[in-house]
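# From the sequence below, what's the structure:
(one chain, ligands or ions: 1)
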Amino acid sequence: MTWIDLPADTPFGPDNLPLGVFRLGDEEPRIGAAIGDHLIDLAPVASAQMLDGSQLFNQPTLNAFLARGRATWKATREWLLDLARNPNSRDAVEPHLIPRSEVTMQLPFEVADYVDFYASEVHASNLGRLFRPDSEPLLPNWKHLPVGYHGRAGTVVASGTDIVRPRGQRKPPTADVPSYGPSERLDIEVELGFVVGTPSALGTPVRVDSFEDHVYGVVLVNDWSARDLQAWEYVPLGPFLGKSFATSISPWVVSLEALKDAAVPLAPQDPPVLPYLAGAELTNPDITFEVRWNGQLVSTPPYRGMYWSPAQMLAHLSVNGASVRTGDLFASGTVSGPEKDQRGSFIELSWGGREPVTVNDEQRTFLQDGDEVTISGWATTSDGRKLGLGEVTGRITPALG
Ligand code: CA
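Take a look at the predicted model:
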């Protein structure tokens, strides 16, 4: 399949070839494609082959490449597949294979706007029970539209960035008045992020069946969440400071083209959705996440059962005529499956802190300073192949004065 030596269980086989931005020593950051334990330094290879658009890879972000649109994405994928598979490409590529252990990965694209959805019925129901124990877990709109909010694009950070424990205002149910201080209920949210390449025109909604014309690929997302800040602030306008301090994304953007054999049909939606959210071939990627808390595997959330498909999310976020831009990121919302060990946040895993989780022989609920959380993800194709999304990791550091 490929002339490059690959570890047996690599997330980045010759069918995957995700793109990311790396820095080698003090050289300018530029674009690479991951394969096995290496990356292909694309700028010199493209330049030597006089590839149309070769300057797209000598860039500190993927944005220029993303903006080129679907024809360029497809042509680039064909080129990458040939580099990885064709023995005749070896002489051109081999001098530009760099061990991934030698580079520092950067934020892969400059994030334009950031939207976060809430597309898992299990997660929305669990959070409803925890935040509003005296009412119906799902609010009346939930099965009629993909609920979401606009997040803070400027605090989307590269995997590996330390997360400073946020401070803020909170009021436990037992307190009479609010107080201020470091969050005591710092949490994660396991999500899948969708990366927009092709913009849309202001006033023109993106149709459900145009999803693949606009979205290039996916990244792993950890939507760090301060539950105590969130619980006090979120009514009536939704998440704000409990979310905006940091959102981590994985460095390698896996293309929809690479994932196309890993798509599974969306489960039937009841009640039926409005026509602008309906599509003949709605799918979800069949991805399973692994959540490691200080190295210990604590959860394996499955994406395939998410209620709303990403095409519906894009159609909904633009249905009022809001345009999308190159570099827009929209995330799925927390991915939680029906089993306890498939929950994608610690507030669910520990059921509001009442049922501690055993982490390396300690009883734990929310994040402590020094804790590290690593989320990885694997897609499974219909013929059983595995494509990795890599990982997104972050460590909690103490709140600053
Ligand atoms: Ca979220």
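# which non-adjacent residue is nearest E102?
With sequence-adjacent residues excluded and distances taken as Cβ to Cβ, 6 or more residues apart in numbering, E102 is closest to L24, at 6.4 Å. Using the backbone N, CA and C atoms, a C-beta is placed for each residue, glycine as well.
# Work out for me the element A34 sits within.
A34 is located in strand 30-35, with elements delineated by DSSP states H and E.
# Show me what that strand pairs with in its sheet, parallel or antiparallel.
strand 19-23 (antiparallel), strand 38-41 (antiparallel) (DSSP bridges).
# Other residues contacting the first one?
By Cβ atoms under 8 Å, 6 or more residues apart in numbering, the residues outside strand 19-23 that reach it are 29-34, 39, 42, 59-62, 65, 98, 100, 103-109, 217, 251-253, 255.
# For the residue nearest to E102, give me its contacts.
Counting by Cβ under 8 Å, 6+ apart, L24 has contacts D41, I98, E102, V103.
# For S255, see how far away V45 is.
According to Cβ to Cβ, to the nearest Å, V45 stands 18 Å off from S255.
# re earlier: go back to the contacts of strand 19-23 and keep what's next to the ion.
When contact is defined as Cβ under 5 Å from the ion, the contacts of strand 19-23 do not meet the ion at all.
# and those residues, which of them are in helices?
Those of those mapping onto helices are L42, F65, per DSSP state H.
# For R30, list each beta-bridge partner.
Going by DSSP bridges, R30 is paired in beta bridges with F22.
# What of T283?
Beta-bridge pairing for T283 (DSSP bridges): P265.
# count of neighbours near it?
18 (other Cβ atoms under 10 Å).
# for the one 10 residues further on, same thing?
Counted with other Cβ under 10 Å, residues neighbouring W293 total 21.
# when you give positions from now on, start the count at 749
Sure thing, new numbering starts at 749, so read that last one as W1041.
# Which parts of the protein are helices?
Under DSSP H, the chain gives helices at 790-796, 811-815, 818-833, 838-841, 869-879, 959-962, 975-981, 989-992, 1004-1007, 1058-1066, 1094-1097.
# circling back: please identify the most buried of the strands paired with strand 778-783.
strand 786-789 (a mean of 25; mean count of other Cβ atoms under 10 Å).
# Show residues contacting it.
752, 768, 770, 772, 778, 780-781, 828, 831-832, 841, 844-848, 851.
# In ChimeraX, how would I select the buried members of those?
To isolate the buried members of the contacts of strand 786-789 in ChimeraX, using 16 or more other Cβ atoms under 10 Å:
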select :752,768,770,778,780,781,828,831,832,841,844,845,848,851
